[in-house]
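Could you look at this predicted model? Sequence included:
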Amino acid sequence: MAAFTTHHHNQAHLLGLLPTAGPKPRPGPFRVRMSLQETGPSVAVVGVTGAVGQEFLSVLSDRDFPYRSIKMLASKRSAGQRIAFQDQNYVVEELTAESFNGVDIALFSAGGSISKEFGPLAVDRGAIVVDNSSAFRMHDDVPLVIPEVNPDAMKGIKVGNGKGALIANPNCSTIICLMAATPLHRRSTVLRMVVSTYQAASGAGAAAMRELELQTHEVLAGKKPTCNIFQRQYAFNLFSHNSSVLPNGYNEEEMKLVKETRKIWNDPNVKVTATCIRVPVMRAHAESVNFQFENPLDEDTARDILKNAPGVVVIDDRASNNFPTPLEVSNKDDVAVGRIRRDVSQEGDYGLDIFVCGDQIRKGAALNAVQIAELLL
Ligand SMILES: NC(=O)c1ccc[n+]([C@@H]2O[C@H](COP(=O)([O-])OP(=O)(O)OC[C@H]3O[C@@H](n4cnc5c(N)ncnc54)[C@H](OP(=O)(O)O)[C@@H]3O)[C@@H](O)[C@H]2O)c1
């Protein structure tokens, strides 16, 4: 695993191209840190050595999230590993049921089976769990939250209530899609949405990112690519999303977009269909989204709505053919939207096409979860 302090700066030359949504600038070397404070909650990061876990630390730091203590938890394999965070040294501990004693907020990103086993144990011990896996997303009593979209779903859940709780972070493709779709949906109800995704390696974790890099070197050197994560060549290729294919022919990732949208919008009638594709991009997802609206919504109005939407930036320059790219949004908080145009296949202004890019380790996972945690304070 790359050291936390360096890994998210790999594309530092790309930083600064977009305005960022985060309220705080990246910390400079001489900034006084206010986040380690007695009045803050006690935090645990489960899966801290993973792609999302590392980003949790980055986001907590960038946003000056207050905490009085922070526990670094992972599997036995990583126990004992050292992590430097905000000028303190921590040792990674093996996750056990006892890990959650005295913990107020537990940020989980260690896979669905770990969430299923340890999430309820953490809640029993009074922790509020913000879970990045799909384990609890569709449970009726678990809020599924994008803070810009449906913060009310977690109303009443607060640190200090003396009660544990579970809150689910939506799937990364769902978050990125709905960041752009929701402001439009609020103006004119979306009747049907067709989503096609172009998903990055990072969505499959740190090992998939390493494998894409390795394969790229191997293929360029004329060698046979190492295929451990996806069982097929990923470099210079693309393929249908690696999640299981269900009896209806959709894969799980596609059905997450369908079901999670209905839950987050609290609209069982919205029609959603999706095709999810893995592309050899390192870090951020792209999605093409087509809408059918109940009432007309012209493209200029849609562009204005998106320009004013929190956490969204519009890059839509037809003259120079400049639109969002995964590289431009990598390590950024904002979701970028472009290619905003009337769908010529539909009557009048009832249809619209957009193209969205978002860093799914950040807004699609760690940032969204930390924003949820901020609502708990
Ligand atoms: N990548 C994304 O963009 C993304 C987006 C949304 C949600 N998620 C979800 O977040 C979770 C993690 O994803 P990731 O991409 O960060 O994966 P990853 O890079 O493979 O990291 C997995 C993490 O889980 C830990 N872990 C594995 N087995 C464990 C065990 N038995 N006990 C404790 N910790 C264990 C690993 O610790 P060791 O280092 O000790 O193995 C590591 O810290 C998954 O549920 C994924 O679906 C990921």
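Right, received. Where do you want to start?

how much space between the nearest residue to residue 48 once chain neighbours are set aside and the ligand?
Once flanking residues are discounted, residue 48 sits nearest to residue 72: 4.4 Å by Cβ to Cβ, 6 or more residues apart in numbering. In this view, the C-beta of every residue, glycine as well, is placed from N, C-alpha and C. Distance of residue 72 to the ligand, given as Cβ to the nearest ligand atom, to the nearest Å: 9 Å.

What of residue 75?
3 Å.

does that residue really touch residue 95, like I thought?
Yes. Judged on Cβ atoms under 8 Å, residue 75 makes contact with residue 95 at a distance of 6.8 Å.

and the closest residue to residue 271 other than its chain neighbours, which of the three is it?
Leaving aside its sequence neighbours, residue 271 sits nearest to residue 192 (Cβ to Cβ, 6+ apart; 4.1 Å). Recorded secondary structure, residue 192: strand (DSSP: H, G, I helix; E, B strand; the rest coil).

Near residue 192, how many other residues are there?
When neighbours are counted by other Cβ atoms under 10 Å, residue 192 registers 13.

With residue 141 instead?
Residue 141 is flanked by 7 other residues according to other Cβ under 10 Å.

Same question for residue 227.
For residue 227, the count of nearby residues is 12 (other Cβ under 10 Å).

that older thread, tell me the predicted confidence for the residue nearest to residue 271.
Note on residue 192: pLDDT of 98.

what's near enough to touch it?
Counting by Cβ atoms under 8 Å, 6 or more residues apart in numbering, residue 192 makes contact with 270, 271, 272, 273, 291, 292.

Next to the ligand, which bits of the stretch 201-350 of the chain? Give me the list.
202, 203, 205, 206, 207 (Cβ under 6 Å from any ligand atom).

As a check, name the ranges of all strands in the stretch 1-150 of the chain.
Under the criterion DSSP state E, counting those that start in this stretch, the stretch 1-150 of the chain contains strands at 42-46, 69-74, 82-85, 88-91, 93-94, 105-108, 128-131.

so the helix or strand residue 374 falls within versus strand 42-46, what angle?
Using DSSP states H and E, residue 374 sits in helix 367-375. When axes from the mean of the first three to the mean of the last three Cα atoms, to 10 degrees is applied, the directions of helix 367-375 and strand 42-46 differ by 160 degrees.

Grab the nearest non-local neighbour of the residue of the stretch 201-350 of the chain found nearest the ligand.
Nearest residue of the stretch 201-350 of the chain to the ligand: residue 205, at 3.1 Å (Cβ to the nearest ligand atom). Of all residues not flanking residue 205 in the chain, residue 51 sits nearest, at 5.1 Å (Cβ to Cβ, 6+ apart).

contacting residues around that neighbour?
Applying Cβ under 8 Å, 6+ apart, we find residue 51 in contact with 202, 205, 206, 209, 361.

Quick check: chain neighbours aside, which residue is closest to the third one?
What it means is residue 206. Spatial nearest neighbour of residue 206, excluding adjacent residues (Cβ to Cβ, 6+ apart): residue 51 at 4.3 Å.

ok, now residue 266?
residue 150 (7.4 Å).

if I look at that neighbour, how far off is residue 312?
Distance of residue 150 to residue 312, computed by Cβ to Cβ, to the nearest Å: 16 Å.

neighbour-wise, which of the two wins?
Set residue 150 next to residue 312 and count neighbours by other Cβ under 10 Å: residue 312 wins out with 21 against 18.

wait, doesn't the more buried one sit right on residue 178?
No. With contact defined as Cβ under 8 Å, residue 312 does not reach residue 178; the gap is 10.8 Å.

Appreciated, that's everything.
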